[in-house]
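# Here you go, sequence then predicted model.
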Amino acid sequence: MIKVPFKHIFAVISAVSAGAFFYFEQNSIEASRFEVYSKNLPKAADGLKIVQLSDLHNKKFGRENCRLISEIDKLSPDIILLTGDMVSHKIPDLDGYISFVKKLCKRYPVYYVSGNHECSDMSPKQKEKLETELKYSGAVCVDNRTAVFEFRGERINICGLCYDACFYRGVRQFRYGWKTFNIGEMNRLLPKRSEDNFTVLLAHNPLDFDTYAEWGADISFGGHVHGGLIRLPKIGGILSPERRLFPKYKEGVYEIDGRFLAVSRGLGEIRLFNRPEIVCVSLFSEK
């Protein structure tokens, strides 16, 4: 009988446990639920439930994303917002993502904005294919434009901000030479919205929330930061794509003078203590 040293058995158990935990961290979806109270929301729209998906990076949760769709269905949203980087330059095949959006559009109204991966990392042919297929599926693109979503007789503005890679701090060639995004650029890119309607803004990069609030978005939705990649107890995410520690806006809901921002930790890419996340925000006019 061969005797195996205990330290070898312990090493194997530790390695298997670490592997199982790492797999769980990458593939176990967490639904984060928030309630936001805005005095600008019409009372008739109380309870409007928004599900946000961000930074999928072509990852799949089960065959044809069946597990992700199942988790979305459990939330019974009124509308779905896709806030960018749903595809990835590392995985040029777009068919899986297109198929996923087609399934969503059969269930819910879907609006989307492009992130830095859609804008900067795809060939013109790939980008044209993606936009054409998503439009055919019924998804509404709001890249630097405004659409109107009707809910219980109320008109809700769905606006989208899509800006150049130079405004993404630390992305690709702009690791050092990036430009500051300001209200002037915001007004140049996004046509003025109707002041009469509650305004939802899709903007991939949450780090410019101060500008979005100044512009007048009642609630903005962003991603990009991936929850800080690695999350620590009581500290939260520690690293942002701009290569800086402890990003200001990384997860959850933030407020500036009655304007709100919801930030998704995202679904794809490598993560630690930072499970893939679906964000669900329920809107109310008052507590």
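In hand now; what should we look at?
# Residue 118 - that's part of a strand, no?
No. Going by DSSP: H, G, I helix; E, B strand; the rest coil, the assignment for residue 118 is helix, not a strand.
# my read: it touches residue 128, true?
No. The criterion here is Cβ atoms under 8 Å, and residue 118 misses it with residue 128 at 11.7 Å. Backbone N, C-alpha and C define where each C-beta goes, glycine included.
# With neighbour numbers in mind, choose between the two.
residue 118 (23 against 11; other Cβ atoms under 10 Å).
# List the contacts of that one.
Taking Cβ atoms under 8 Å, 6 or more residues apart in numbering as the criterion, residue 118 is in contact with 84-87, 127, 130.
# could you dump those residues to a markdown table with distance to residue 247?
Below are the contacts of residue 118 laid out as a markdown table (distance: Cβ to Cβ, whole Å):
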| residue | distance to residue 247 |
| --- | --- |
| 84 | 16 |
| 85 | 16 |
| 86 | 21 |
| 87 | 23 |
| 127 | 28 |
| 130 | 28 |
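# gap between stretch 99-110 and the chain center?
Centre-to-centre, stretch 99-110 and its host chain are 16 Å apart (Cα atoms, centre = their mean, to the nearest Å).
# whoops, stretch 73-88 was the one
8 Å.
# ends of it, how far apart?
25 Å (Cα to Cα, to the nearest Å).
# Buried ones in that stretch, by neighbour count?
Using 16 or more other Cβ atoms under 10 Å as the test for burial, stretch 73-88 gives 75, 77-88.
# Most widely separated two among those residues?
Taking Cβ to Cβ, the two most distant members of the buried residues of stretch 73-88 are 78 and 88; they sit 28.6 Å apart.
# how many neighbours does residue 142 have?
With other Cβ under 10 Å as criterion, residue 142 counts 22.
# and the closest residue to residue 254 other than its chain neighbours, what element?
Closest residue in space to residue 254, ignoring its immediate chain neighbours: residue 261 at 4.5 Å, by Cβ to Cβ, 6 or more residues apart in numbering. For residue 261, the host element (DSSP states H and E) is strand 259-263.
# ok, now which ones touch the residue nearest the centre of the chain?
Within the chain, one residue has its C-alpha closest to the average C-alpha position: by Cα atoms, centre = their mean, that is residue 54, at 2.4 Å. By Cβ under 8 Å, 6+ apart, the residues touching residue 54 are 82-86, 115, 204, 221-224, 264, 266-267, 279.
# Sweet, I'm off.
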